[in-house]
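In: From the sequence below, what's the structure:
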Amino acid sequence: MGALVIDDKKYAWVLARVLPRVIKTKKEHERILTEVEKLMDKGDHRTAEEDAALDLMVRLIEDYEGEHHPLPDPSPLEMLVYLMEQRSLKQADLLPIFKSRGYVSDVINAKRAISKVHAKELADFFKVSADLFI
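Out: Alright, predicted model coming up:
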């Protein structure tokens with residue numbers, strides 16, 4: 001895939017209309033969100049310059065939200081349940097790892113923690129880092 005060609009004059013016009021800057025207030029955050037929505041609504045009709053401005057504003061929003069509304073890291077159980085949901089897995093699909101329906105049920109129902117050995121096996125099974133389960 002080749003590099004995206006952006007016309008500097010058209011890009012400057014888009015930026016002048018949107019006026020993106022580092023977000024420091026809730027009001028500015030809402031303003032930039034509104035601008036993002038306008039561009040998103042254009043869908044496939046966005047120009048390359050609008051796409052570049054959209055990318056910039058999304059990063060500004062991510063930075064602001066990461067600083068002002070950080071999401072807590074998911075617990076090992078939350079991560080396990082999420083990965084199972086994403087792959088449409090049932091508890092029975094984890095039997096090769098936990099070796100017992102009761103054990104799987106206890107882990108899923110937060111009656112048992114995920115051991116380090118199981119964390120490694122889950123990591124191999126899901127092709128992710130074992131740190132997600134520890």
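
In: got any ranges where the chain has weak pLDDT?
Out: 1-4 (pLDDT under 70).

In: residues of the longest helix anywhere in the chain that come out buried?
Out: Taking DSSP state H as the criterion, the chain has its longest helix at helix 48-68. For helix 48-68, a neighbour-count test (16 or more other C-beta atoms under 10 Å) marks 49-50, 52-54, 56-57, 60-61, 64 as buried. C-beta here means a position set from N, CA and C on the backbone, and glycine is covered the same way.

In: swap in stretch 97-114?
Out: Quick answer for stretch 97-114 (16+ other C-beta under 10 Å): 97-98, 103-104, 107-108, 112, 114.

In: Please export the C-alpha coordinates of it as CSV.
Out: Taking Å, rounded to 0.1, in the frame of the first residue of the first chain, the C-alpha atoms of stretch 97-114 are listed here in CSV:
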residue,chain,number,x,y,z
ILE,A,97,-6.5,-26.7,30.7
PHE,A,98,-8.3,-27.1,34.0
LYS,A,99,-9.0,-30.9,33.7
SER,A,100,-12.3,-30.6,35.7
ARG,A,101,-15.7,-29.1,35.0
GLY,A,102,-15.9,-28.1,38.7
TYR,A,103,-12.5,-26.4,38.6
VAL,A,104,-13.5,-24.4,35.4
SER,A,105,-16.8,-23.4,37.0
ASP,A,106,-15.0,-22.3,40.2
VAL,A,107,-12.6,-20.1,38.3
ILE,A,108,-15.3,-18.6,36.1
ASN,A,109,-17.5,-17.9,39.2
ALA,A,110,-14.5,-16.3,41.1
LYS,A,111,-14.4,-19.1,43.7
ARG,A,112,-10.8,-20.0,42.7
ALA,A,113,-8.0,-17.8,41.4
ILE,A,114,-6.1,-18.7,38.2
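
In: Give me the nearest residue to residue 79, chain neighbours excluded.
Out: residue 132 (4.7 Å; C-beta to C-beta, 6 or more residues apart in numbering).
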